[in-house]
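[1] generate a structure from the sequence data that follows.
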Amino acid sequence: MRKAEEWKNVFCLEGLWEANLKINYSVEPVLSLLNKQYPRMKYIYGSCATVAEFKFYLNKWTQASYDKYPILYLASHGNKGSIEFSHREKIEITEIAQLLEGKCNNKIIIFASCGILDLDKSDIDKFIKITNCLAVCGYRNDVDWIKATAFELLLLEGMQDNEFSGRGVGAIQRNLDKIGKSFHGLDFNMVIKNM
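    Numbers count the residues shown, from 1 in each chain. This is a model prediction of the structure:
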């Protein structure tokens, strides 16, 4: 269990948003801004153009040397149940669950991808059970990039105020519901592990 006063560092993996490399959308400035505001909140950022790169970084996150990074922030194009990368490569949420099987105790996974959690609750519960994560969250619809990024900034900041436990993640969810009311058009869902 991580206490409220402990900083919850972020491990971010981001796919390429555009095939044209001159267009450089990125959530990394959001992480940099949070780090400037809260210097004790650290982050690791990896850019993934392919599924192979994504799997490489995902494997790194599960290693003991990254235990102090309990928030996995996955930002990329998405679709119902999958993350999309350049060259039309994609990885299904079920495969991500297999890669993370049993390795996510007291960790939260954020899928910052359009429509990825437009799934039955039973499918999301299965992901949580396989990975043993504390909670998983993400969008159930297509979203505006700027609105979603602003929302994610507030989400990541809000996670710092609560312990990563059953009670703490409940407080995160209530805060998330309040924040979400200011962001019309974002259908963001947080599913918590059954305790």
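[2] leaving out chain neighbours, which residue sits closest to residue 19?
    residue 86 (6.2 Å; CB to CB, 6 or more residues apart in numbering). C-beta: built from backbone N, CA, C; applies to glycine.
[3] tally of neighbours for the one you found?
    17 (other CB atoms under 10 Å).
[4] which secondary structure element of the protein has the lowest mean pLDDT?
    Between all helices and strands in the chain, the lowest mean by mean pLDDT, DSSP states H and E belongs to helix 166-180, at a mean of 88.
[5] so which residues of this protein form helices?
    Listed in chain order, the helices found in the chain under DSSP state H are 28-37, 51-61, 93-99, 121-131, 145-159, 166-180.
[6] give me the angle between the last one and helix 145-159.
    With axes from the mean of the first three to the mean of the last three CA atoms, to 10 degrees as the criterion, the two stretches helix 166-180 and helix 145-159 enclose an angle of 150 degrees.
[7] for the fourth one, same thing?
    Direction vectors for helix 121-131 and helix 145-159, defined by the same axes, to 10 degrees, enclose an angle of 50 degrees.
[8] show me the shaky parts of this protein.
    Scanning the chain with the threshold set as pLDDT under 70 gives 1-5, 87, 195.
[9] and the closest residue to residue 77 other than its chain neighbours, how far from residue 75?
    Distances taken as CB to CB, 6+ apart place residue 84 nearest to residue 77, at 4.1 Å, with adjacent residues excluded. Counting by CB to CB, to the nearest Å, the gap between residue 84 and residue 75 amounts to 12 Å.
[10] more crowded one of the two?
    Looking at residue 84 and residue 75 with other CB under 10 Å, you find the greater number of neighbours at residue 75, namely 27 against 19.
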